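>>> take this sequence and fold it.
(2 chains)
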Amino acid sequence: GNSVTQMEGPVTLSEEAFLTINCTYTATGYPSLFWYVQYPGEGLQLLLKATKADDKGSNKGFEATYRKETTSFHLEKGSVQVSDSAVYFCALTSFSSASKIIFGSGTRLSIRP
Amino acid sequence: EPEVTQTPSHQVTQMGQEVILRCVPISNHLYFYWYRQILGQKVEFLVSFYNNEISEKSEIFDDQFSVERPDGSNFTLKIRSTKLEDSAMYFCASSEVGQNYEQYFGPGTRLTVT
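Coordinates of the predicted model:
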């Protein structure tokens, strides 16, 4: 079945460091890929998305590129801030799984000042 | 900006009791969903709802669970006889059209079963 595997956390970085959170997926067909963010005590917010191969999603300095050849959608940011501390979820939807979102296990990111 | 709202934000109940979690989706959306997140674990799909009927449900969504759209605005999740393992954060979401359209999530209801 469809699934998402993402980098285990927690990840702790210093402010202004470069961030990569790895995400790979297994899916039939052509899924849409997402990164959601959950700030402490809050719900899920869509951070960025990509709906077809080679698309790059970007928002708030974060980027991820849909790589069909490696079935990956790694999240990157060039210079993280303390306010980026949150849990990040990689996710997908595909026609074969109807409309539901399948989430990865989440990666907790902590940024030190 | 339109948003999905959920009430209550926190519900405490005793094992065996019935609970109803409420959601108000975005007004022009047609698909509605419930997900849950047990503390420290991944977010899991429970059920999707379209045109006044369930369009898909997961293995978690057994006979103890039901959903309803009782009027034009609310979307509810009922758990008939709560168990300790039902303790989780429950998220409602809605989207304009089901497949590959963005789902907007509410802030969640934290359910604690004692």
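
>>> ok, what's across the strand from residue B:79?
Per DSSP bridges, the residues bridged to residue B:79 are residue B:19, residue B:65.

>>> neighbours of the residue nearest to residue A:112 when sequence neighbours are not counted, how many?
For residue A:112, the nearest residue in space outside its immediate sequence neighbours is residue A:14; the separation is 5.1 Å by Cβ to Cβ, 6 or more residues apart in numbering or on different chains. From N, CA and C alone the C-beta is placed, and that goes for glycine too. Residues near residue A:14, counting by other Cβ atoms under 10 Å in any protein chain shown, number 10.

>>> I figured residue A:14 hits residue A:84, correct?
No. With contact defined as Cβ atoms under 8 Å, residue A:14 and residue A:84 do not form a contacting pair (11.9 Å).

>>> overlap in contacts, the two.
By the contact definition Cβ atoms under 8 Å, 6 or more residues apart in numbering or on different chains, residue A:14 and residue A:84 are jointly contacted by residue A:111.

>>> from residue A:47, how far out is residue A:10?
According to Cβ to Cβ, to the nearest Å, residue A:10 stands 18 Å off from residue A:47.

>>> more crowded one of the two?
In this view residue A:10 and residue A:47 are compared by other Cβ under 10 Å, and residue A:47 has more residues nearby, 20 against 9.

>>> close to chain A: what parts of chain B are there?
B:31, B:33, B:35, B:41-45, B:48, B:55-56, B:58, B:91, B:93, B:95, B:98-108 (Cβ under 8 Å from any Cβ of the partner chain).
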